[in-house]
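*Asks:* sequence and predicted structure below; questions after.
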Amino acid sequence: MQYKLIGTTMPAVEITFDQPGEKMITQSGGMAWMSADVSMDTNTNGGIKKGLGRLLAGESMFQANYTAQRAGASIAFASTVAGQIMPIDVSKGAFIIQKGAFLCSEAGVNLDIVVQKKLGAGFFGGEGFVLQKISGSGICFLEVDGDKVVKTLAPGEVLLVDTGNVVAFQEGVGFDIETVKGAKNILLGGEGLFLTKLTGPGEVVLQTQNLNEFAQRIAALIPSSSS
């Protein structure tokens with residue numbers, strides 16, 4: 001498999017298969033265009049249990065499997081909002097990702113749910129008890145809202161982030177929720193009550209666009225209907 005990233009504001013990744021039988025997996029509805037020699041099959045990809053797990057994590061219960069019928073067949077997957085597409089080789093290590101970050105992957109990539117063991121992270125993290133883990137072998141493509149920022153945390157180094165700006169972090173990075181300190185900061189700071197606390201060592205991927213905050217701003221501008 002070969003790939004190239006296309007576009008800037010609304011990017012896509014175009015895959016060219018090297019041989020027949022190679023496969024790409026995406027959430028239902030993630031494909032943008034493909035050549036006629038790619039076949040499609042939609043299923044739970046791992047059974048009902050895995051499908052339900054993805055549903056809990058905020059993804060589609062079903063995944064679409066696209067298989068090359070000949071060498072040179074191609075398919076593209078496009079982002080849903082303005083931002084970037086980030087390839088990650090999970091053969092080099094697993095990552096924990098937020099819901100909505102998974103765009104597509106090679107068939108060797110496993111997508112599993114991760115239950116947060118700490119109640120604080122579960123109740124107040126903004127992502128519920130469930131995140132997702134990508135592991136296995138092959139390339140996984142993540143959808144980043146806005147621009148991506150990659151930071152490498154040293155052992156014990158702490159980074160506090162608005163939850164909506166977290167895309168992914170290496171397995172082994174500590175994840176918890178910290179309360180914003182100070183009554184004035186809570187009431188007047190505009191950042192809410194909680195921040196995500198990430199503790200190294202490991203790599204952290206952030207995004208400059210917080211889609212939830214953006215949606216709230218748009219919603220505030222929509223006139224309410226008069227009764």
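*Replies:* Yep, it's here.

*Asks:* what is the least confident helix or strand in this structure?
*Replies:* Least confident element among the helices and strands of the chain, by mean pLDDT, DSSP states H and E: helix 183-188 (a mean of 45).

*Asks:* give the next helix or strand downstream of that helix.
*Replies:* strand 194-199 (DSSP states H and E).

*Asks:* check which element follows that following strand along the chain.
*Replies:* Taking DSSP H and E as the definition, the helix or strand right after strand 194-199 is strand 202-207.

*Asks:* shaky segments in this structure?
*Replies:* For the chain, applying pLDDT under 70 flags the ranges 28, 45-61, 115-130, 180-193, 211-217, 225-227.

*Asks:* residue contacts, the residue nearest the centre of it?
*Replies:* For the chain, A101 is the residue whose C-alpha lies nearest the centre (Cα atoms, centre = their mean; 1.3 Å). Counting by Cβ atoms under 8 Å, 6 or more residues apart in numbering, A101 makes contact with 132, 142-144, 167-168. C-beta here means a position set from N, CA and C on the backbone, and glycine is covered the same way.

*Asks:* ok, 7 Å please
*Replies:* Listed by Cβ atoms under 7 Å, 6 or more residues apart in numbering, the contact set of A101 reads 142-143, 167-168.

*Asks:* report the buried members of these.
*Replies:* Among the contacts of A101, the ones that count as buried by 16 or more other Cβ atoms under 10 Å are 142-143, 167-168.

*Asks:* those in helices, which ones?
*Replies:* Per DSSP state H, helices hold no members of the buried ones among the contacts of A101.

*Asks:* just flag the most distant two among the contacts of A101.
*Replies:* E143 and A168 (10.7 Å; Cβ to Cβ).

*Asks:* so which strand or helix has S135?
*Replies:* For S135, the enclosing helix or strand under DSSP H and E is strand 130-136.

*Asks:* phi and psi next, for the closest residue to G136 other than its chain neighbours.
*Replies:* Closest residue in space to G136, ignoring its immediate chain neighbours: N110 at 4.1 Å, by Cβ to Cβ, 6 or more residues apart in numbering. For N110, the backbone dihedrals are phi -100, psi 140 (criterion: degrees, to the nearest 10).

*Asks:* let me see the contact set for G172.
*Replies:* Counted by Cβ under 7 Å, 6+ apart, G172 has contacts G202.

*Asks:* before we move on, the earlier item: among the buried ones among the contacts of A101, which one sits closest to V38?
*Replies:* The closest of the buried ones among the contacts of A101 to V38 turns out to be E143 (Cβ to Cβ; 21.0 Å).
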